[in-house]
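Visitor: The amino acid sequence is not available; the structure is as follows:
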Ligand SMILES: NC(=O)C1=CN([C@@H]2O[C@H](COP(=O)(O)OP(=O)(O)OC[C@H]3O[C@@H](n4cnc5c(N)ncnc54)[C@H](O)[C@@H]3O)[C@@H](O)[C@H]2O)C=CC1
Ligand SMILES: O=C(CO)COP(=O)(O)O
């Protein structure tokens, strides 16, 4: 958010400077429509506007093709009067009805006339050579793009990545071409407008924070969404070209108009109430509104052609339109009738509703900036109702709220005061949608509070004084720490075999072998004495590798009280028996011994780092699963519950085998396609076996299934995946296993899975191939080749 605030501040500064630059440039553009009849027309507009009837162009024959010089002379001569007139014009929309130039000048980008610009104009523009004027003209294109860009940045519209590029490139170019010092201009602007204060205030408003959130979300999550769109086409479409299926016209329309290239284009209508009219509807309504004769003519000319297929922007891209908050309409410059229609209702709204008038006005102005000519002949097109109007804008009263005077001033200075979306504070969804989203979120939060209250988290922790942890490897240590953090006076005792590790934990508060470098809470203690460790413990967390669990549990069976639940985090199948951990516990501690299983995507290191993690607590005893939730759940650890013990265990065991396969794909550099196909196939195989063993299929798509599969197959911290990578590189399994002091359960489990699959009559090609590779019967490359030649099957 800090960064976004800074960006915002910078953008505001830029925008202010751009306003100056563009306004200043507008003058020059007005003056330099070489050899174009509109130059004279433009002059007429200026005359009307300023009331300076005597203004005339003293052009010689030599000037016939380039009226810039005489125009410059005229304008400079009448500069003061023009400035006054333009200011007046700025407040008087009625002028904008009749003349093309007036319409052009009415653009919000030209709204403000600043002193520095005038100074510059006075001082430097006199006798400006044509080339320089042309450079200025070029700069306008840049500047209008920049302005558009920056308007997006300053307003509620999240920045597409290209915006940043545009800003730096064109922003600098504009200043360079205008010969202005960007830094000085910015400073000037900042001091004269108390920009810092205003920004501070503006930014502290709730609305802006929402915008920033949206901005961040969009930047971080949807970057590719923006990148995919040729939104900021550098090239202007060739004359007569609609710009194709992109938004080139949207952003470069200003330069089109200034160039006076009346591009036929289509309309994109967006209903601010959140409806996205279909292409056909836009066409129908726009034709209806235009009247039959015009409609036919428009169609003849190929007008109303959409700039981009609206169908492409269905559902997922809906937000896109609203992000482009200005594009209430993007209409045909040549289709002046529809422009007029937009204009009329806005004006009426302006007069009838003072509160929303500025919004409406600006919305129109912005619309106008997307179009061009409005001729006086069309000025009397009947005003129409919202129904017949292409757009139907209702500015909710709340959009007018929350505006401090400073922020309102700033918004006004930036020419953003009239924009309904800037007023509603940077949300890129239309109000109806935004309300819906907030409503749903509130409901979720309410739900969470209600459930939260009934949860037994605190009471379980209150009643718990001691937990014993079996196994002091990576995960045993991480879970011990996680528990110890829950309550300062909770005694978490780790039962280890190695006295040196015990000593390091008890004295240096570090595990000298696993997760080195982490400081353990002082309520984590360790011992090698089973009796001492277990005594008084209310729960036992079991983190001993599966292959050693039977031996270990048998060893403590006599001293572990029957009522102390064993919570196993070990993931795997026992070699020789194919037993799950639940079977091993039942076999060693008795059928009735209470037990639960924690599983899910949870790398020990990330648990230590308190990174957000989600696991599932499975137990046939629902109550015990809930108790586990109470014991382990924390702000960094979500614990769901499940009664599908078999499903959770099978997923946890088999994902390790699949992770070895993923490592092989990674190590052989087979690419993303192969990886995705492998994981999908692996998921299916896990589901086939799990279902046969009585698991619920939905468990496979839960945390312990898909969640853990994704983690271990893609996560670089996975030991099983590392085994696969090394196998692919040609390392021998014995070397791989021998070189690590940490367990990769998938190695043992792979062989067991094959036996289990045979017993259950399921075919598991990928998981079997892993066993084959581990057994040295196939090289990773051969295994891949063989898998690829298997018959193509029907998905099930
Ligand atoms: N490391 C991780 O991120 C996660 C591991 N798990 C699972 O937790 C279990 C334990 O994994 P880690 O702690 O990572 O393994 P590790 O290899 O880091 O540590 C294993 C621990 O078990 C002890 N141990 C080995 N044989 C023993 C025996 N016969 N008697 C007593 N203790 C013995 C070792 O001394 C060591 O302390 C595995 O089943 C693993 O799949 C589950 C979730 C995450
Ligand atoms: O189970 C794990 C994370 O959920 C750990 O996976 P590895 O054993 O492959 O490191």
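Guide: The structure has been received and is ready for your questions. The structure displayed is predicted, hence computed values, not measured ones. Ligands and ions are numbered 1, 2, ... in the order given.
Visitor: What parts of this protein come near ligand 1?
Guide: 471-476, 497, 514, 543-546, 548, 551-552, 569-572, 602-604, 742-743, 745 (CB under 6 Å from any ligand atom). (Glycine included, C-beta is placed from N, CA and C.)
Visitor: rerun that using 5 Å as the cut-off
Guide: Taking CB under 5 Å from any ligand atom, the part of the chain that reaches ligand 1 is made up of 471-476, 543-545, 548, 552, 569-571, 603-604, 742-743, 745.
Visitor: Quick one: buried ones out of those?
Guide: 471-476, 543-545, 552, 569-571, 603-604, 743, 745 (16 or more other CB atoms under 10 Å).
Visitor: Okay, buried residues for stretch 692-706 please.
Guide: Going by 16+ other CB under 10 Å, stretch 692-706 has these buried residues: 693, 695, 696, 699, 700, 702, 703, 704, 705, 706.
Visitor: Next step: those residues restricted to strands.
Guide: Counting by DSSP state E, these place none of their members in strands.
Visitor: what's the most distant pair in those?
Guide: 693 and 703 (18.8 Å; CB to CB).
Visitor: And the residue of the stretch 401-550 of the chain that's closest to ligand 2?
Guide: Using CB to the nearest ligand atom, the closest approach of the stretch 401-550 of the chain to ligand 2 is made by residue 475 at 7.4 Å.
Visitor: Give me the distance between that residue and residue 499.
Guide: Between residue 475 and residue 499 the distance is 21 Å, computed by CB to CB, to the nearest Å.
Visitor: Which residues of the protein lie near ligand 2?
Guide: 602, 708, 712, 718, 719, 720.
Visitor: is it true that the fifth one touches residue 744?
Guide: If I follow you right, that is residue 719. Yes. Counting by CB atoms under 8 Å, residue 719 does reach residue 744; the two are 4.4 Å apart.
Visitor: Quick check: neighbours shared by these two?
Guide: Here residue 719 and residue 744 have no joint contacts, going by CB atoms under 8 Å, 6 or more residues apart in numbering.
Visitor: list the buried ones in the helix or strand containing residue 625?
Guide: With secondary structure defined by DSSP states H and E, residue 625 is part of helix 622-632. Across helix 622-632, burial judged by 16+ other CB under 10 Å covers 624, 625, 626, 627, 628, 629, 630, 631, 632.
Visitor: residues touching the closest residue to residue 756 other than its chain neighbours, list them.
Guide: What sits nearest to residue 756 in space, not counting adjacent residues and going by CB to CB, 6 or more residues apart in numbering, is residue 578, at 5.1 Å. Residue 578 sits next to 752, 755, 756, 759 when contact means CB under 8 Å, 6+ apart.
Visitor: now the residues you listed as a markdown table including pLDDT and distance to residue 725?
Guide: Shown next, in a markdown table, are the contacts of residue 578 (pLDDT from 0 to 100; distance: CB to CB, whole Å):
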| residue | pLDDT | distance to residue 725 |
| --- | --- | --- |
| 752 | 96 | 22 |
| 755 | 94 | 26 |
| 756 | 94 | 26 |
| 759 | 93 | 31 |
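Visitor: Just give me the closest of the residues you listed to ligand 1.
Guide: residue 752 (13.5 Å).
Visitor: Next up, the contacts around that closest one.
Guide: 573, 574, 575, 578.
Visitor: Would you convert these into CSV that also reports distance to residue 684 and secondary structure?
Guide: Formatted as CSV, the contacts of residue 752 follow (distance: CB to CB, whole Å; DSSP: H, G, I helix; E, B strand; the rest coil):
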residue, distance to residue 684, secondary structure
573, 19, coil
574, 25, coil
575, 25, coil
578, 21, coil
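Visitor: Which member of those is positioned nearest residue 562?
Guide: Nearest to residue 562 among the contacts of residue 752, with distances taken as CB to CB, is residue 574, at 22.7 Å.
Visitor: Contact partners for that closest one?
Guide: Residue 574 touches 546, 547, 549, 550, 580, 583, 584, 752, counting by CB under 8 Å, 6+ apart.
Visitor: my read: the fourth one touches residue 584, true?
Guide: This means residue 550. Yes. Here residue 550 reaches residue 584: they are 5.2 Å apart, a contact under CB under 8 Å.
Visitor: Just want to know which of the two has more residues nearby.
Guide: Set residue 550 next to residue 584 and count neighbours by other CB atoms under 10 Å: residue 584 wins out with 25 against 20.
Visitor: Secondary structure element holding the more buried one?
Guide: Here residue 584 is assigned to helix 581-589, by DSSP H and E.
Visitor: shaky segments in the stretch 401-550 of the chain?
Guide: 401-432, 434-435, 446-458 (pLDDT under 70).
Visitor: Look at residue 640 and give its secondary structure.
Guide: Of the three states, residue 640 takes strand under DSSP: H, G, I helix; E, B strand; the rest coil.
Visitor: okay, the residue nearest to it when sequence neighbours are not counted: pLDDT?
Guide: Among residues not flanking residue 640 along the chain, residue 616 sits closest, at 4.6 Å (CB to CB, 6+ apart). For residue 616, the pLDDT comes out at 97.
Visitor: Let me know the angle separating the host helix or strand of residue 616 from helix 581-589.
Guide: For residue 616, the enclosing helix or strand under DSSP H and E is strand 613-618. On the basis of axes from the mean of the first three to the mean of the last three CA atoms, to 10 degrees, strand 613-618 is oriented at 50 degrees to helix 581-589.
Visitor: circling back: now for the residue nearest to residue 640: which residues touch it?
Guide: 598, 599, 600, 639, 640, 641, 642, 648, 702, 703, 704.
Visitor: In terms of helices and strands, where is residue 720?
Guide: Going by DSSP H and E, residue 720 is in helix 719-728.
Visitor: what's the answer for residue 433, then?
Guide: helix 431-454.
Visitor: Check the gap between the residue nearest to residue 633 when sequence neighbours are not counted and residue 612 for me.
Guide: In space, residue 633 comes closest to residue 639 once its chain neighbours are excluded; the distance is 4.5 Å by CB to CB, 6+ apart. For residue 639, the distance to residue 612 equals 12 Å [CB to CB].
Visitor: now do residue 657
Guide: Taking CB to CB, one finds residue 657 at 27 Å from residue 612.
Visitor: Neighbour count: these two, which is higher?
Guide: More crowded of residue 657 and residue 612, by other CB under 10 Å: residue 657, with 35 against 9.
Visitor: Surely the more buried one is in contact with residue 749?
Guide: Yes. The pair residue 657 / residue 749 is scored as a contact, 5.5 Å apart, by CB under 8 Å.
Visitor: Report the inter-axis angle for the helix holding residue 625 versus strand 613-618.
Guide: 150 degrees.
Visitor: what comes into contact with helix 622-632?
Guide: So helix 622-632 is contacted by 455-461, 464, 467, 479, 482-483, 486, 539, 565, 567, 594-596, 598, 615, 617-619, 639-643 (CB under 8 Å, 6+ apart).
Visitor: now do stretch 718-725
Guide: Counting by CB under 8 Å, 6+ apart, 603, 656-657, 659-667, 711-713, 715, 733, 736-737, 740, 742-747, 770, 780 sit against stretch 718-725.
Visitor: so what secondary structure elements neighbour the helix or strand containing residue 766?
Guide: Using DSSP H and E, the element containing residue 766 is helix 765-774. Contact analysis of helix 765-774 by 3 or more CB pairs under 8 Å, 6 or more residues apart in numbering; DSSP states H and E lists helix 645-667, helix 671-692, helix 719-728, helix 745-760, helix 780-788 as its packing neighbours.
Visitor: Report all helices and strands that the shortest one contacts.
Guide: In this structure, helix 780-788 makes packing contacts with helix 645-667, helix 719-728, helix 765-774, judged by 3+ CB pairs under 8 Å, 6+ apart.
Visitor: Pick out the residue in this protein sitting closest to ligand 1.
Guide: Closest point on the chain to ligand 1, by CB to the nearest ligand atom, is residue 473, at 1.6 Å.
Visitor: got the contact list for that residue?
Guide: Here residue 473 is in contact with 514, 543, 545, 742, 743 (criterion: CB under 8 Å, 6+ apart).
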